[in-house]
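In: Quick one, structure for this:
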Amino acid sequence: MRLNLGCGYNHEEVYVNVDKFAACKPDQVVDLEQFPWPWEDNSVSEIKLFHVLEHLGQTPACFIRIMGEMYRVLEENGVVDITVPHPRSDAYLGDPTHVRVITPGVLSLFSHKFLNKAIAEKSANSPLGIYHGINFDIVSAQDVLNNEYTQKYNEALQTDDEYTKQVILTAAKERFNVLTETKIKLRKVKL
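Out: Residues are numbered from 1 along each chain as shown. Below is the predicted model of the structure:
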């Protein structure tokens, strides 16, 4: 089974499309902040969250429970594909229903590999995954440039223009609206 959680009107053919609002005609109406979720343990191979996770889990306890439910329903090596608005973009800041910034750093707190290294280094990270029995590896994480910067970056790649590439990468770290989205893929690791 593959779940497209918080699908809204973006229904996917090979997924069970899930939303809490019946008006968007999902395959299943489910409030993802009510627990437990209606799917069996280890019954899902893939979860898709497209501009959804930033709307969920306003309190830490609720967010941790959502991460736990994803972990519970995924089969071993199951994947979670997450796309969220970048926190330094108008797309994130302009929506009053966004309750949480989602970054690779936030999700690394549910990775035992990352947390065990942090513990060994005496880093000040909250070992949420260890405390709550949740273990995801971050398979990939990518920030997406806005269209204008993507075009300039691609041109710099074609001409081997290192200066322009560095200017764009610096702008992405320091300015708003250079990055539009963050895409993160997690994989469930059995405890």
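In: Okay, strands next: where are they in the chain?
Out: Taking DSSP state E, the strands of the chain run over residues 2-5, 16-19, 28-29, 44-50, 74-85, 136-145, 179-188.
In: closest to residue 118 out of the ones you listed?
Out: When the strands of the chain are compared by Cβ to Cβ, strand 136-145 sits nearest residue 118, at 13.6 Å. C-betas here are computed from N, CA, C, even on glycine.
In: centre of the chain versus the closest one, how much separation?
Out: Distance of strand 136-145 from the chain centroid (Cα atoms, centre = their mean, to the nearest Å) equals 8 Å.
In: and residue 125, how many neighbours does it have?
Out: Number of residues near residue 125 (other Cβ atoms under 10 Å) recorded here: 14.
In: so what's it closest to, chain neighbours aside?
Out: In this structure, residue 125 finds its nearest non-sequential neighbour in residue 118, 4.4 Å apart by Cβ to Cβ, 6 or more residues apart in numbering.
In: ok, now how distant is residue 112 from residue 161?
Out: Note on residue 112: its distance to residue 161, by Cβ to Cβ, to the nearest Å, is 41 Å.
In: who's more crowded, these two?
Out: Under the neighbour definition other Cβ under 10 Å, residue 112 and residue 161 were set side by side, and residue 112 has more, 18 against 15.
In: Ranking the strands of the chain by mean neighbour count, which comes first?
Out: Ranked by average neighbour count under the criterion mean count of other Cβ atoms under 10 Å, these are headed by strand 2-5 at a mean of 24.
In: separation between residue 130 and residue 64?
Out: From residue 130 over to residue 64 the distance is 12 Å, taken as Cβ to Cβ.
In: Show the contacting residues for the residue nearest to residue 17 when sequence neighbours are not counted.
Out: Counting by Cβ to Cβ, 6+ apart, residue 17 lies nearest to residue 7, which is 4.1 Å off, once chain neighbours are set aside. Taking Cβ atoms under 8 Å, 6 or more residues apart in numbering, we find residue 7 in contact with 15, 17, 18, 19, 24, 26, 50.
In: so what's the residue nearest to the spatial centre of the chain scoring on pLDDT?
Out: For the chain, the residue nearest the mean C-alpha position is residue 82 (3.5 Å; Cα atoms, centre = their mean). Looking at residue 82, its pLDDT is 98.
In: same thing with the one 5 residues further on?
Out: Listed pLDDT for residue 87 reads 96.
In: try residue 36
Out: For residue 36, the pLDDT comes out at 98.
In: and it, how many neighbours?
Out: Burial measure for residue 36: 11 neighbouring residues, criterion other Cβ under 10 Å.
In: next one: residue 72
Out: Counted with other Cβ under 10 Å, residue 72 comes out at 19.
In: can I assume it is in contact with residue 43?
Out: No: using Cβ atoms under 8 Å, residue 72 makes no contact with residue 43, being 9.5 Å away.
In: one step back: what's around the residue nearest to residue 125, how many residues?
Out: Using other Cβ under 10 Å, residue 118 has 17 other residues around it.
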